Structure formats: C-alpha cells, structure tokens
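[1] Structure, please.
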Amino acid sequence: MWNVWHYIHFIVNLSMLAFAASSTIHGNPADDLVDRINLNRTAQKLKELHNNPGLGCMALQYIDACQGNCSSTNTLSCRSPEEDITEIFAPNCGVELPTVDIISGRIIGCQSNYLTPDQVFSSILSRDNKTLSVVRDKKNTELGTAFKKVHHGLFIWSVLFSSGQTNSTFVLEGGTGIKQKGGCFSGTGAQCSGANKVWFLNRKSVFKYALLTCLAHITVFPLVM
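    So this is what the prediction gives:
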C-alpha cells in the first residue's frame with residue numbers, strides 16, 4: 001500500500017523523466033541529424049559536409065511532394081521528377097535559381113513514432129548498404145535535412161546531398177528565403193516549432209501515465225474528525 005510520500009516521490013521522478021526526455025528533441029532535430037551524419041563521416045575519415053539551409057528547405061519541399069503510405073521498411077515509394085527541383089522546390093523556398101546545383105543523393109524515410117536524430121541515423125540512414133553509401137559518398141560536399149509530422153501522425157525525415165561548391169549553391173534570397181508553414185529544416189540556426197510540439201505531446205503522455213498509475217494505487221481513507 002502506498003502512502004502520500006510514495007505518491008509525491010513517484011510524481012517527482014516522472015516529472016524529471018519528462019523533462020529529461022524532452023531534452024533530446026529541443027532546438028532543431030534537422031540540425032542535430034546533420035551533426036550525426038558528419039560524426040559518422042569523420043569516423044570514416046571523410047570530410048564533414050556543409051549544412052546548407054537552401055538545400056534543407058528543398059528537403060522539406062521533397063517531403064511535401066512525397067507524402068504517401070509508409071511501407072513496412074519505413075520508406076515512401078515516391079520520387080519527385082527532376083524538373084520539380086527548379087520549377088517547384090527552389091521557387092517555393094526562395095532559392096536563387098542560378099545557384100541551384102546538382103542533387104547527388106536523396107534519402108527519405110518515415111516512422112509512425114517520433115525518432116531522435118540518432119535513431120533516424122540507425123533506422124533510416126543505415127537501413128541498408130545502398131542508403132549508407134549515399135551518406136558516405138566522397139563526392140558529396142554539402143547537405144540539407146528536414147523533418148515534418150504529416151497526416152495521421154506520420155513522421156517523415158528527408159536528406160538531400162549535393163556535390164556543388166559550398167557557400168555559392170542553393171543560396172536563399174535575402175539570406176532567409178521564403179518562410180515555410182510547417183516542419184523544420186537544417187541550416188537556419190532556428191528552433192523547430194514541430195519539435196516543441198512533439199516535446200509537449202511526449203511530456204503530456206508521461207504525466208498521463210503518472211496520474212493513471214497513482215489513481216490505480218489510491219486507497220480512500222475515512223475522514224477523521
């Protein structure tokens with residue numbers, strides 16, 4: 001039988017767990033994934049890739065163009081036509097068209113649950129040798145990543161690689177480009193509102209679990225006058 005101090009101790013511990021869990025998804029998960037990719041590359045004695053915000057925004061556009069059913073292997077069976085890069089993605093992001101360069105690699109993956117950047121790397125970017133070879137391609141010079149929660153609670157991650165000249169390709173107009181309505185992408189240095197929403201939902205779930213557990217153990221004591 002639990003007493004009052006058991007309840008207090010339990011709720012305090014669950015509260016700490018909620019805040020600890022949230023710390024893994026604060027800020028911008030897309031930037032965190034770039035760091036994780038570069039960590040793997042340097043471990044293989046490969047050069048780090050430049051985090052390009054224009055490419056990151058276009059990775060977000062790629063998600064919007066490829067929304068569909070998530071397969072059992074956490075992939076989406078869609079591939080946007082090459083002309084979409086210059087006719088749709090770049091204009092929607094405010095990328096200066098003369099600076100659009102070659103997209104040397106694309107990876108897109110989905111999950112029904114939120115994944116941390118480390119989990120994205122192990123579950124999506126390392127899912128097979130072919131996908132991992134794109135991450136470790138020596139020709140790549142820069143990348144952009146994006147993350148978005150879409151219909152039916154599906155979480156989609158997108159990574160675009162380029163072999164173009166860094167600092168002069170996929171340049172955003174005015175340095176910021178066009179503001180995007182949903183999701184987040186790498187290279188902006190800004191926090192991701194989508195990540196904060198996921199943080200809130202995870203924290204809410206933890207407190208709900210704590211409350212239900214406490215209610216299951218509550219013993220009603222008679223009022224003593």
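[2] Give me the phi and psi for Gly105.
    Per-residue torsions, Gly105: phi -170, psi 150 (degrees, to the nearest 10).
[3] Report the contact partners of it.
    Val134, Val135, Asp137, Asn140, Val159, Leu160, Phe161 (C-beta atoms under 8 Å, 6 or more residues apart in numbering). Where you see a C-beta, it was placed from the backbone N, CA and C, and this is true even at glycine.
[4] now do 6 Å
    Neighbouring residues of Gly105 by C-beta atoms under 6 Å, 6 or more residues apart in numbering: Val134, Phe161.
[5] Next: Ala146.
    Taking C-beta under 6 Å, 6+ apart as the test, what Ala146 contacts is Ala30, Gly56, Ala59, Leu60, Ile63, Ser158, Phe185.
[6] which residues touch stretch 64-83?
    Ile108, Gly109, Cys110, Gln111, Val150, Leu154.
[7] Relative to Leu46, how far out is the most centrally placed residue in the chain?
    What sits nearest the mean C-alpha location of the chain, by C-alpha atoms, centre = their mean, is Phe147, with 3.7 Å. The spacing between Phe147 and Leu46, counted by C-beta to C-beta, to the nearest Å, is 24 Å.
[8] which residues of this protein fall in helices?
    4-22, 29-43, 53-65, 83-84, 90-93, 117-120, 129-135, 193-217 (DSSP state H).
[9] Quick one: distance of stretch 142-159 to the chain centre.
    In terms of C-alpha atoms, centre = their mean, to the nearest Å, the centre of stretch 142-159 is found 6 Å from the chain centre.
[10] how far away is Gly189 from Asn140?
    Taking C-beta to C-beta, one finds Gly189 at 22 Å from Asn140.
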